[in-house]
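Visitor: Sharing a model that was predicted from the sequence below.
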Amino acid sequence: MTMNLQAPGMSELKEQLDRLDLSRLPRHVAMIMDGNGRWAKARGLERSVGHYEGVKSVRRATELSSDLGIEFLTLYAFSTENWNRPQREVDILMHLIGMAIQQETPDLVKNNVHLRLIGDIERMPKEAWDRLHACEVATQHCDGLTLTLALSYSGRRELTRAARLIAEEVASGRLRTEDIDEQALASRLFTNGMPDPDLLIRTGGEERVSNYLLWQTAYSELYFTDVLWPDFDKPAYLDALIDYQRRERRFGKTGDQIKATTKS
């Protein structure tokens, strides 16, 4: 694939793009968007301002993923634990998420980006849910980048839900216990039909996965950066992709085995 370096905002990225092997990009990138509140606090602003600025980083990450031909981008937008934040902040976040997606819908359609939602979506306020669902419907025909928002999401709850579904099917006789394997569980996760993330990026300086895609990231490469999410621009994203390409993904094999497979 050849990128259009004449596109707005791309020329200054040429040096980094020259270092990137476009044939070895991750199919699926997951991100934990951390640092909005601290970004605002450091500037003497309300936390909500950090969330508004963070929307710009979502747009940049989506644009670059789409331009590069990455197939899946999954963003941790709101965890089940986030419901415990001050009610005013939760209300602002819900309104912002809904409004931002509504405003971005025409561009998502134009750029062939399909929006997908995962998590306990029924907990979302109706106003936000209606806007999100409208975008999901409007982009369902798009077959470029799949942009997935994890909302009211918990990795442990997702696994518990999958186990419950399996137990119900066994109890009803629709599934035999001997047919329960990794694929049986994976097919009952919210991410059914998506490949596991090749790369998990977390901004904001913390180095943990925070109950995010616990099953799916078993073999993901982890990349932690001190950059706060509102400052996570396209060069910062490219730094993560370049770092990813320096790594040897062995999946339990030896380095020699991987090299032999690559040569063949």
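Guide: Cool, got the structure. Just so you know, these numbers come straight off a predicted model, no measurement behind them.
Visitor: Roughly how far does residue 46 sit from residue 52?
Guide: The gap separating residue 46 from residue 52 is 10 Å, by C-beta to C-beta, to the nearest Å. C-beta here means a position set from N, CA and C on the backbone, and glycine is covered the same way.
Visitor: again, but for residue 117
Guide: 21 Å.
Visitor: These two: which is more packed in?
Guide: residue 117 (21 against 17; other C-beta atoms under 10 Å).
Visitor: Buried residues of the helix or strand containing the more buried one, list them for me.
Guide: Using DSSP states H and E, residue 117 sits within strand 114-118. Using 16 or more other C-beta atoms under 10 Å as the test for burial, strand 114-118 gives 114, 115, 116, 117, 118.
Visitor: next one: stretch 218-225
Guide: For stretch 218-225, burial by neighbour count (16+ other C-beta under 10 Å) applies to 220, 221, 223, 224, 225.
Visitor: hang on, the earlier thing: can you name every helix or strand that the helix or strand following the strand holding residue 117 contacts?
Guide: Next in sequence after strand 114-118, counting helices and strands by DSSP H and E, comes helix 126-138. With contacts taken as 3 or more C-beta pairs under 8 Å, 6 or more residues apart in numbering; DSSP states H and E, helix 126-138 sits against helix 87-110, strand 114-118.
Visitor: ok, and what's touching the longest one?
Guide: The one in question is helix 87-110. For helix 87-110, the external contacting residues (C-beta atoms under 8 Å, 6 or more residues apart in numbering) are 47-48, 51-52, 55, 58-59, 62, 77-78, 82-83, 85, 114-115, 124-125, 127-132, 134-135, 138-139, 142, 147, 149, 151.
Visitor: Tell me the buried residues within the residues you listed.
Guide: Neighbour-count burial (16+ other C-beta under 10 Å) applied to these gives 47-48, 51-52, 55, 58, 62, 77-78, 85, 114-115, 124, 128-129, 131-132, 135, 138-139, 142, 147, 149, 151.
Visitor: before we move on, back to that, among the helices and strands packed on helix 126-138, which is the most enclosed?
Guide: strand 114-118 (a mean of 21; mean count of other C-beta atoms under 10 Å).
Visitor: That strand pairs with which strands?
Guide: Strand 114-118 sits in its sheet next to strand 146-153 (parallel), going by DSSP bridges.
Visitor: what about stretch 181-201, distance to the chain center?
Guide: Relative to its parent chain, stretch 181-201 has a centroid offset of 13 Å by C-alpha atoms, centre = their mean, to the nearest Å.
Visitor: Extract the CA atoms of it and return them as PDB.
Guide: Provided in PDB are the C-alpha atoms of stretch 181-201 (Å, rounded to 0.1, in the frame of the first residue of the first chain):
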ATOM      1  CA  ASP A 181     -13.000 -25.100  23.900                       C
ATOM      2  CA  GLU A 182     -11.200 -21.700  23.400                       C
ATOM      3  CA  GLN A 183     -13.100 -21.000  20.200                       C
ATOM      4  CA  ALA A 184     -16.400 -21.800  21.900                       C
ATOM      5  CA  LEU A 185     -15.700 -19.100  24.600                       C
ATOM      6  CA  ALA A 186     -14.200 -16.600  22.100                       C
ATOM      7  CA  SER A 187     -17.300 -16.800  19.900                       C
ATOM      8  CA  ARG A 188     -19.400 -15.700  22.900                       C
ATOM      9  CA  LEU A 189     -17.400 -12.600  23.600                       C
ATOM     10  CA  PHE A 190     -18.400  -9.100  22.500                       C
ATOM     11  CA  THR A 191     -15.500  -9.200  20.000                       C
ATOM     12  CA  ASN A 192     -16.700 -12.200  18.200                       C
ATOM     13  CA  GLY A 193     -15.600 -12.000  14.500                       C
ATOM     14  CA  MET A 194     -12.700  -9.700  15.300                       C
ATOM     15  CA  PRO A 195      -9.000 -10.800  15.400                       C
ATOM     16  CA  ASP A 196      -7.300 -10.400  18.700                       C
ATOM     17  CA  PRO A 197      -5.300  -7.200  19.100                       C
ATOM     18  CA  ASP A 198      -1.700  -7.400  17.800                       C
ATOM     19  CA  LEU A 199      -0.800  -4.200  19.700                       C
ATOM     20  CA  LEU A 200      -2.200  -2.700  22.900                       C
ATOM     21  CA  ILE A 201      -1.300   1.000  23.500                       C
END
